[in-house]
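Peer 1: Provided below are the primary sequence and the corresponding predicted coordinates.
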Amino acid sequence: MNHPNSSYIIRTSIHDIDRDQWTMFVNTHPQGNFFHTPDYVDLYQDIKGYKSYVVSAYNSNLQMVGILVAIRQTVYNGLLGYLTSRAIVVGGPLIDAQHPDVAELLLKSYCKKIRHRAVYTQFRNQFDMSPFQQAFQQVSARFEEHLNILIDLTNSEETLWKEVYPQRRNKIRQALKQQVEVRELKTDQEREESWKILRAVYEREKLPLAKKTVFEKAFKILVPKGMLKIYGAFYQQQLIGTRYLFAYKTQIFDWYAGSYQKFYSVRPNDLLPWEIFLRCKDEGFTTFDFGGAGNPNIPYGVRDYKIRYGGTLVNFGRYEIAHNNAIFALMQNAFRFWQKLR
């Protein structure tokens with residue numbers, strides 16, 4: 001549809017988007033990443049508890065100039081499902097550099113589409129969103145600082161090793177001395193076992209884990225395309241740790257990771273990232289994205305773990321848009337209460 005007072009055309013149905021045009025736009029955009037692609041949307045399509053929302057923008061020649069991809073997550077059915085629903089936009093809206101003014105229109109169209117379907121939307125920025133700050137302000141988005149760590153895989157192995165903190169290097173050496181081996185998981189049996197590791201870790205830490213059907217679909221549609229890599233750490237021929245990574249263009253994105261607690265002494269969690277850096281570097285990838293490092297003003301153990309591999313600490317932040325302010329405030333208070341109970 002044409003938006004009033006605009007030369008742009010906005011489409012809010014995924015069925016109205018040409019898949020090839022969408023793929024080309026993301027692939028050729030310097031900041032296009034896996035989370036903007038149709039393949040990412042396919043991962044959650046037709047899986048209970050998830051729904052994709054895609055809003056695209058076109059100029060008068062029907063050339064795509066912007067796209068926004070959101071995944072809504074719900075845990076329950078009916079009214080309770082809505083009251084606990086949220087949408088996640090990883091990577092932020094992707095806007096053509098020649099059409100920065102379309103950002104506001106894209107965000108407003110998205111908010112109109114989602115406002116009765118999710119309590120709030122969180123934008124997990126993976127690049128600098130400051131050019132679109134005013135557009136986010138126009139939809140009452142709240143900005144929060146949020147860090148990430150990027151590893152430059154174009155550096156030499158020697159430089160990468162020097163950036164690793166001395167204590168972490170010692171732990172990597174310990175793992176190698178214990179003959180822990182890292183390799184990519186190729187069989188269905190190995191992938192099934194790796195999922196069991198994640199389930200054990202996330203249940204122990206009382207953290208939400210994507211449904212098993214999401215992983216099964218990822219194995220089926222992403223692994224053959226080379227867009228999902230799963231690595232495992234083996235000790236005495238037993239899989240004891242794993243790491244899931246999205247791969248797109250020259251970028252690697254950390255997704256899920258975990259190891260069996262009883263094998264922590266042989267350091268699988270220390271060895272896995274390092275070995276993955278080297279393998280991905282050899283395959284021509286240039287950046288390893290550690291997938292978030294928390295609010296800089298709040299102590300965060302995960303950040304402490306990741307930063308010991310070196311890399312560059314960036315602060316692209318996050319935006320949150322409350323589509324229902326009263327319920328959003330109630331959700332935040334309930335979450336804080338739950339955290340205190342843990």
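Peer 2: On my side now, so go ahead.

Peer 1: what are the buried residues along stretch 196-216?
Peer 2: Ile197, Leu198, Val201, Leu209, Ala210, Phe215 (16 or more other C-beta atoms under 10 Å). Every residue, glycine included, has its C-beta placed from N, CA and C.

Peer 1: what's the answer for stretch 113-132, then?
Peer 2: Per 16+ other C-beta under 10 Å, stretch 113-132 contains these buried residues: 113-114, 118-126, 129, 132.

Peer 1: looking at those residues, which are in helices?
Peer 2: Under the assignment DSSP state H, the buried residues of stretch 113-132 contribute Lys113, Ile114 to helices.

Peer 1: among the buried residues of stretch 196-216, name the ones in helices.
Peer 2: Per DSSP H, the buried residues of stretch 196-216 map to helices at Ile197, Leu198, Val201, Phe215.

Peer 1: closest one of those to Gln73?
Peer 2: Phe215 (15.3 Å; C-beta to C-beta).

Peer 1: per the record, what domains does the protein have?
Peer 2: Structural domains annotated on the chain: 9-146+316-341, 149-314, as defined by automatic domain parsing.

Peer 1: out of the buried residues of stretch 113-132, which sit inside strands?
Peer 2: Among these, DSSP state E puts Tyr120, Thr121, Gln122, Phe123, Arg124 in strands.

Peer 1: check the third one and give its pLDDT.
Peer 2: pLDDT recorded at Gln122 is 97.

Peer 1: over to the one 3 residues further on?
Peer 2: Asn125 carries a pLDDT value of 97.

Peer 1: kindly report the same for the one 4 residues further on.
Peer 2: Model confidence at Met129, given as pLDDT, is 96.

Peer 1: is it in contact with Asn315, as I believe?
Peer 2: No: counting by C-beta atoms under 8 Å, Met129 does not reach Asn315; the two are 11.1 Å apart.

Peer 1: which parts of the stretch 151-300 of the chain are helices?
Peer 2: 157-163, 166-177, 188-205, 212-221, 268-282 (DSSP state H, counting those that start in this stretch).

Peer 1: what's the last one packed up against?
Peer 2: Other elements packing on helix 268-282 under the criterion 3 or more C-beta pairs under 8 Å, 6 or more residues apart in numbering; DSSP states H and E are helix 157-163, helix 166-177, strand 181-184, strand 228-235, strand 238-248, strand 251-259, strand 287-289.

Peer 1: for Glu144, which of those is the nearest?
Peer 2: strand 287-289 (19.1 Å).

Peer 1: paired strands for the closest one, with orientation please.
Peer 2: The strands beside strand 287-289 in its sheet (DSSP bridges) come out as strand 148-152 (antiparallel), strand 251-259 (parallel).

Peer 1: what sits up against the longest one?
Peer 2: If you take C-beta atoms under 8 Å, 6 or more residues apart in numbering as the criterion, strand 251-259 is touched by 33-35, 153, 197-198, 200-202, 209-210, 228-229, 233, 240-247, 268-269, 272, 276, 280, 285-291.
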